[in-house]
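**Student:** with the input below, show me the fold.
(one chain, ligands or ions: 1)
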Amino acid sequence: MSESGAGESERSEEKTDPGAIRHGNFMNYYQFHPAEERVRQLPRGVWQRQRVGHPARKYTGLDVGCNAGDLTYVLRDFLEEAMSQDQPEISLIGVDLDPILIEKARERNPRPDRLTFERLDFLSEDCDETLKRYLAQLNKTRFDVVFCFSITMWIHLNHGDDGLEEFLRRACELAEMIVVEPQPWRCYRNAERRLRRAGLGDFPLLKKLKYTGNPTKHIEDILLRICDFRRVAVTAGNEWGRMLLIYERKQES
Ligand SMILES: C[S@@+](CC[C@H](N)C(=O)[O-])C[C@H]1O[C@@H](n2cnc3c(N)ncnc32)[C@H](O)[C@@H]1O
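**Tutor:** Okay, here's the model as predicted:
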């Protein structure tokens, strides 16, 4: 399975789980995209920028579209290591709309004291309420970081340009810092081709999109213009052509 449509892996996923093609809720995602490789691109020194000299004891993150949890587990370990000098207590919550994937993430959870998984559609009101309750338990009003890895295309295909804006606006409202890994435009075409080939129709909103050609550029523009965040770092593309956009909330005066 691959969003970029790469050979054998794509064919095997179609045989086992054709329905997953509409939202990207692939069952064997981490067999093809090992979680450890995904964090290699992340810089180390940016995670506590807002609190230089005032390290927070509790550090909290949200992983939107966490799939079976493998990347969420690795992100927590990564943050723990990257902030080892300050030794904050790091807790992450992963949300995904697929109940089977959330069950898998819970069953294999290596740190139930610090990792929570909830089945939620990120664009639903329920999700907002659950996340605010989670933050309140930690005496926080926002997440220190919100991760959006390889989810923006699925939101864009299913909810259009307005849905993509709404998704990023909601994520930024909840975040001090945001990390987005957008899928390149060729993946949109591949996703549609695969849906058609599986006899599952198409993405009706695809033809109506105005944010075409270079999703990364449009996402950066939304983060700057609508969310009023500022750029911290943008990484080079990894071996499958994906960059990480790291943005943060402007300091409140
Ligand atoms: C391609 S996978 C990426 C998984 C993970 N973020 C990663 O990069 O390793 C996209 C995930 O987003 C989830 N997803 C799609 N739309 C969603 C939504 N509206 N709310 C929550 N999860 C969603 C899918 O179920 C799927 O597990």
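**Student:** show me where the chain has strands.
**Tutor:** 58-64, 89-96, 115-119, 145-149, 177-181, 229-234, 245-249 (DSSP state E).
**Student:** need those in a markdown table (columns: mean neighbour count, distance to residue 167 and mean pLDDT).
**Tutor:** Where C-beta positions appear, they are placed from N, C-alpha and C, glycine not excepted. Below are these laid out as a markdown table (neighbours: other CB atoms under 10 Å; distance: least, CB to CB, whole Å; pLDDT from 0 to 100):
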| stretch | mean neighbour count | distance to residue 167 | mean pLDDT |
| --- | --- | --- | --- |
| strand 58-64 | 23 | 8 | 96 |
| strand 89-96 | 23 | 12 | 97 |
| strand 115-119 | 20 | 17 | 98 |
| strand 145-149 | 24 | 8 | 98 |
| strand 177-181 | 24 | 10 | 98 |
| strand 229-234 | 15 | 14 | 97 |
| strand 245-249 | 20 | 14 | 97 |
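**Student:** nearest to the ligand, of the ones you listed?
**Tutor:** strand 145-149 (3.3 Å; CB to the nearest ligand atom).
**Student:** which strands and helices sit next to the closest one?
**Tutor:** Judged by 3 or more CB pairs under 8 Å, 6 or more residues apart in numbering; DSSP states H and E, strand 145-149 is in contact with strand 58-64, helix 70-82, helix 152-173, strand 177-181.
**Student:** so that strand, near the ligand or not?
**Tutor:** Yes - counting by CB under 6 Å from any ligand atom, the ligand has neighbours in strand 145-149: residue 149.
**Student:** now tell me what touches that strand from outside.
**Tutor:** 38, 47, 61-65, 71, 75, 79, 167-168, 171-172, 174-181 (CB atoms under 8 Å, 6 or more residues apart in numbering).
**Student:** tell me how far stretch 80-90 lies from the chain's centre.
**Tutor:** On the basis of CA atoms, centre = their mean, to the nearest Å, stretch 80-90 sits 21 Å off its chain's mean C-alpha point.
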